[in-house]
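Asker: Sharing a model that was predicted from the sequence below.
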Amino acid sequence: MMRTAIYARVSTPRQARAQSIDEQLERLRAYAEQKGFGLEEEHIYLDEGYSGASLNRPGLDALRDAAAMAEFELVLVTAPDRLARKYIHQVLLMEELQGRGCRIEFTERPMSQDPNDQLLLQIRGAVAEYERTLIAERMRRGRLAKLRSGQLLPWMRVPFGYRTDPEHPRDPLGLRVEEYEAAIVRQMFAWYLEQGATLGTIARRLMEGGVLTPTGKRTWSRSTIRGIFKNPAYVGNAYGHCTQLVPAKARRSPLEPVGAGLTAKRRPQEEWIPVSVPKIVERETFNLVQEKLSHNRRFASRNNKSHRYLLRGLVSCGACGKGSNARTSWDGRSYYVCRGHAEIVSEQRCRARHAPGGQLDELVWQDLCEMITHPEHIEAALQRAHGGEWLPQELKARLVGVEKAISQIQRYNRRLLDAYLGGVLELGEFERKRTELKGRSYLLLAQKRQLEATAKERTELSGIADSIEKFCEQVNGGLSNATFEQRRALVELLIDRVIVRDEEIEIRYVVPTSPEGPHLSFCHLRTDYLPLLQEVANRRNLGEA
């Protein structure tokens, strides 16, 4: 009996509620039963509310992982557009699964390897992609037309102080002022204009008064309050069409490739579309608050560049995981201070000690010089991260052994078939032995794929080690005479984070492994760096020492 999996997908929660995914499942189960395929509940993979334009779907990921472990031989899908909307994605998935000994069968549109069927599949994939693009463009133009005519609110989340009609949350006619929250907003603006008031002061007053945040939490943050102060809707002017998605030019993290994903970019202000909404705050009060915010931003210590810090923006607290700001005291001593010290709620403040700036800068610079001067340390770290030496001969020998075992299984199958056809074996005995050999064959094929992937990884890592050594040779010559600006550029390039835990210092390096590496900025850092140690070792284009 052929081991089978089924995959079903709907694009939106509305489709999921309409039970169209249940209809797909019902048709797929009936098809599998009709054909006599073996289907287990654990091999049913669903994606409810996920677009077919992306491959980032939990159900699809689970399906691909299970196929890599040879858990089934066949995947049933109702139609190609349920698998993926883009033809290139359809081809990628089909080739990937077929390479793992698993084929895809579309129940509503059966396909074969016949050239005509393959051409039809390409045409259908192209049409599905065209339809998706056409629908998205129509929806975009429709939203813009409604915004320009004042028939659509530009918000996905209603600002604090307003309420909308639950049945029509984007309809301006259903928008009203929530008087209790509006009174809180007016009080916040008035508080901030008091002498010496800060965002932290307002946050403490709100928490002392038991006022909940716009998301229903008890703890207010400075960024939430700043967002309220900067929102022009409170003076009657909401704006839509303010941002656009563009390809990312810089990495969010040194552990991610340059340009991965999209980022929202502000449009020119003349392209914004205004929508009139009820006013809560007077224009004069709003303008005074904007002036104070702008003044405080210009003179904030984080924007003070009068002092030079080698590790500015790269130091983190090992106790709470927050970043550390660089500060200089009145008597000229510099420190890296955990941002957790400025928490509004005293019980949540970090108690870690300040890290002496000069000593930490010198310690990290000396360690960086040692790392570049002795690139063999990087290679040793790569070996540790990937479980030891490259072992090319051992892997090759194991792969040859597995291939011999697979060939032997194939010979056994042929002999078994000859014995059955010659009348030596009964049908029941033949089926039992063939099923046993088939199970062994699946295990060996899975082991072969794993060994091939490991051998490929080892070869790539060997090349990475060579390229790292060449890079270190290029940089080594200028270390002793480097200016502060040159040191800072090298630190931004090579260091991911410096984590300070009392007396312990952990330095995480990110070393370029290609000729273009030294020309790319590595200083756009992630915010959840502490739990991601293992991820460093799994990236092909980065090495960690």
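Answerer: Arrived safely, thanks for sending. Numbering: from 1, shown residues only.

Asker: Next, the contact list for the residue lying closest to residue 224 once chain neighbours are set aside, please.
Answerer: Distance criterion C-beta to C-beta, 6 or more residues apart in numbering; nearest residue to residue 224, sequence neighbours excluded, is residue 213 at 5.9 Å. Where you see a C-beta, it was placed from the backbone N, CA and C, and this is true even at glycine. Residues in contact with residue 213, defined by C-beta atoms under 8 Å, 6 or more residues apart in numbering, are 160, 219, 220, 221, 224.

Asker: Can you list which of those are found in helices?
Answerer: Taking DSSP state H as the definition of helices, those contribute residue 224.

Asker: Could you identify the most distant pair in the contacts of residue 213?
Answerer: The span of the contacts of residue 213, defined through C-beta to C-beta, is set by 160 and 219 at 15.0 Å.

Asker: more crowded one of those two?
Answerer: The neighbour comparison of residue 160 against residue 219 (other C-beta atoms under 10 Å) goes to residue 160, with 22 against 14.

Asker: Surely the more buried one touches residue 185?
Answerer: Yes. The pair residue 160 and residue 185 passes the contact test of C-beta atoms under 8 Å, sitting 6.4 Å apart.

Asker: tell me the secondary structure for the residue nearest to residue 224?
Answerer: Per DSSP: H, G, I helix; E, B strand; the rest coil, the local secondary structure of residue 213 is coil.

Asker: Quick check: of the contacts of residue 213, which lies closest to residue 347?
Answerer: Using C-beta to C-beta, residue 219 is the member of these that sits closest to residue 347, with 10.5 Å.

Asker: Give me the pLDDT for the closest one.
Answerer: According to the model's per-residue confidence, residue 219 sits at a pLDDT of 89.

Asker: Would you enumerate the residues in contact with it?
Answerer: Contacts of residue 219 by C-beta under 8 Å, 6+ apart are 207, 213, 344, 345, 348.

Asker: how near is it to residue 204?
Answerer: From residue 219 across to residue 204, the span is 10 Å (C-beta to C-beta, to the nearest Å).

Asker: who touches both of those two?
Answerer: residue 344.

Asker: Averaged pLDDT, the helix or strand hosting residue 488. What do you get?
Answerer: Under the assignment given by DSSP states H and E, the secondary-structure element containing residue 488 is helix 484-494. The average pLDDT for helix 484-494 rounds to 80.

Asker: immediately after that helix, which helix or strand?
Answerer: Scanning the chain past helix 484-494 towards its C-terminal end, the next helix or strand to appear is strand 495-501 (assignment: DSSP H and E).

Asker: Report the distance from the helix or strand that that next one is followed by to the chain centre.
Answerer: Sequence-wise, the next helix or strand beyond strand 495-501 is strand 504-509, with elements assigned using DSSP H and E. When C-alpha coordinates are averaged (C-alpha atoms, centre = their mean, to the nearest Å), strand 504-509 and its chain have centres 24 Å apart.

Asker: mind exporting strand 504-509 as PDB, just the C-alpha atoms?
Answerer: In PDB, the C-alpha atoms belonging to strand 504-509 read as follows (Å, rounded to 0.1, in the frame of the first residue of the first chain):
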ATOM      1  CA  GLU A 504      32.700  37.800  32.000                       C
ATOM      2  CA  ILE A 505      32.900  39.200  28.500                       C
ATOM      3  CA  GLU A 506      31.500  37.300  25.500                       C
ATOM      4  CA  ILE A 507      32.500  38.600  22.100                       C
ATOM      5  CA  ARG A 508      30.600  37.300  19.100                       C
ATOM      6  CA  TYR A 509      32.400  37.700  15.800                       C
END
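
Asker: What helices and strands are in contact with that strand?
Answerer: With contacts taken as 3 or more C-beta pairs under 8 Å, 6 or more residues apart in numbering; DSSP states H and E, strand 504-509 sits against helix 357-373, strand 495-501.

Asker: Now do the shortest one against helix 357-373, angle only.
Answerer: With axes from the mean of the first three to the mean of the last three C-alpha atoms, to 10 degrees as the criterion, the two stretches strand 495-501 and helix 357-373 enclose an angle of 130 degrees.

Asker: Strand partners (parallel or antiparallel) of strand 495-501?
Answerer: strand 315-317 (parallel), strand 504-509 (antiparallel) (DSSP bridges).

Asker: Tell me how far that strand lies from the chain's centre.
Answerer: Averaging C-alpha positions (C-alpha atoms, centre = their mean) puts strand 495-501 22 Å from its chain's average.

Asker: in that strand, what's buried?
Answerer: Within strand 495-501, the residues that qualify as buried are 495, 496, 497, 498, 499, 500, counting by 16 or more other C-beta atoms under 10 Å.

Asker: next one: the longest one
Answerer: Going by neighbour count (16+ other C-beta under 10 Å), the buried part of helix 357-373 is 357, 360, 361, 363, 364, 365, 367, 368, 369, 371, 372.

Asker: What distance do you get for residue 25 to residue 325?
Answerer: As defined by C-beta to C-beta, residue 25 lies at a distance of 54 Å from residue 325.

Asker: Actually, residue 194.
Answerer: The spacing between residue 194 and residue 325, counted by C-beta to C-beta, is 26 Å.

Asker: The two: which is more packed in?
Answerer: residue 325 (19 against 10).

Asker: Identify the residues contacting the helix or strand harbouring that one?
Answerer: Using DSSP H and E, residue 325 falls within strand 324-328. The set of residues external to strand 324-328 that reach it, using C-beta under 8 Å, 6+ apart, is 301-302, 307, 309, 311-312, 315-317, 334-339, 355, 357, 500.

Asker: and if we set it to 6 Å?
Answerer: Residues from elsewhere that reach strand 324-328 (C-beta atoms under 6 Å, 6 or more residues apart in numbering): 302, 307, 309, 312, 315, 317, 334, 335, 336, 337, 338.

Asker: Can you list the strands that it pairs with?
Answerer: Strand 324-328 has these partner strands in its sheet, going by DSSP bridges: strand 334-338 (antiparallel).

Asker: average model confidence for the partner strand?
Answerer: Taken as a whole, strand 334-338 has a mean pLDDT of 87.

Asker: Same check on stretch 40-56?
Answerer: If you average the per-residue pLDDT over stretch 40-56, you get 85.

Asker: For PyMOL, what selects the buried ones among the contacts of residue 219?
Answerer: The buried subset of those, as determined by 16+ other C-beta under 10 Å, is captured in PyMOL by this line:
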select buried, resi 207+213+344
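
Asker: May I ask which two of the contacts of residue 219 are separated the most?
Answerer: Distance extremes for the contacts of residue 219: the farthest pair is 213 and 348 at 15.0 Å, using C-beta to C-beta.
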